[in-house]
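Enquirer: From the sequence below, what's the structure:
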Amino acid sequence: MAGKPLLHYFDGRGRMECIRWLLAAAGVEFDEELIKKPEDINKLKNDGSLMFQQVPMVEIDGMKLVQTRAILNYIASKYNLYGKDTKERALIDMYAEGVFDLGEMIMHLPLCPPAEKDAKLAQIREKTTNRYLPAFEKVLKSHGQDYLVGNRLSRADVHLVELLYYVEEVDPSLLASFPLLKALKSRVSSLPTVKKFLQPGSQRKPLADEKTIEEARRVFKF
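Expert: Just a heads-up that it's a prediction; the model follows:
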């Protein structure tokens, strides 16, 4: 029997967190080999484990996969979270890309210089309430189903619910005008695999604080 997937990243959310969420939602147990110092990532580079000299990297099914979207696509395909046909996969990809666009803005907020933080927060709030969340609310309203695509859980739902948790961390009031998204968040969060991941002590990573940010800067030298 194949071993558990092994995740290589630092001890924080970053670009690995959506992979953790997707594996958890699929009910897949995974291990992590945390990158704690520059020498750890240099070892991965020097032994040829990182095709493009960067992480995230996931060891799964005899492969060492890099590039976040490639990893997510493989996991979604393997665990039946990627639609039933090419049309559904196209919609799932489109919705996922929208999630990633807003998620990138939120992910980079802690790295923003203090003098620019208020402006960045205002931009995130504006795009959240006027561009991204209305689009997803409209999708759910248009078909009246429980999930974004094909009325079954897909990676798009998992990514979106992860994003909604991040939006609430920015400002809980931002979800107030989107009842269908709040219902989706509750529905997905209640799934046994996701519920387990949301419990204290799971492999879910907390909101980045100054210590986490400094640790990432030290490890990745940025």
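Enquirer: pLDDT below threshold where in the protein?
Expert: 1-2 (pLDDT under 70).
Enquirer: Helices along that one, start to end?
Expert: Secondary structure of the chain (DSSP state H): helices located at 17-25, 38-46, 68-78, 86-108, 114-127, 133-143, 155-170, 179-189, 192-198, 210-220.
Enquirer: I'd like those as TSV, with distance to residue 62 appended.
Expert: For every residue, glycine as well, the C-beta is placed using N, CA and C. Formatted as TSV, these follow (distance: least, CB to CB, whole Å):
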stretch	distance to residue 62
helix 17-25	17
helix 38-46	17
helix 68-78	12
helix 86-108	24
helix 114-127	40
helix 133-143	36
helix 155-170	22
helix 179-189	31
helix 192-198	24
helix 210-220	27
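Enquirer: what would these look like in TSV with mean neighbour count and distance to residue 52?
Expert: TSV is the format used below for these (neighbours: other CB atoms under 10 Å; distance: least, CB to CB, whole Å):
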stretch	mean neighbour count	distance to residue 52
helix 17-25	23	16
helix 38-46	14	10
helix 68-78	18	11
helix 86-108	17	18
helix 114-127	12	28
helix 133-143	15	31
helix 155-170	22	22
helix 179-189	16	32
helix 192-198	15	28
helix 210-220	14	14
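Enquirer: How far off centre is stretch 61-71?
Expert: Relative to its parent chain, stretch 61-71 has a centroid offset of 15 Å by CA atoms, centre = their mean, to the nearest Å.
Enquirer: Contacts for it next, please.
Expert: Applying CB atoms under 8 Å, 6 or more residues apart in numbering, the set of residues contacting stretch 61-71 from outside is 2, 15-16, 18-19, 49-52, 54-59, 74, 78.
Enquirer: can you tell me the distance between the two ends of that stretch?
Expert: 12 Å (CA to CA, to the nearest Å).
Enquirer: now stretch 127-137
Expert: Span of stretch 127-137 from end to end, CA to CA: 14 Å.
Enquirer: Name the nearest residue to residue 82, ignoring sequence neighbours.
Expert: residue 76 (3.9 Å; CB to CB, 6 or more residues apart in numbering).
Enquirer: residues in contact with that neighbour?
Expert: 22, 82, 92, 154, 155.
Enquirer: Mind picking the two most distant members of these?
Expert: Spanning the widest gap among these are 22 and 92, at 11.9 Å by CB to CB.
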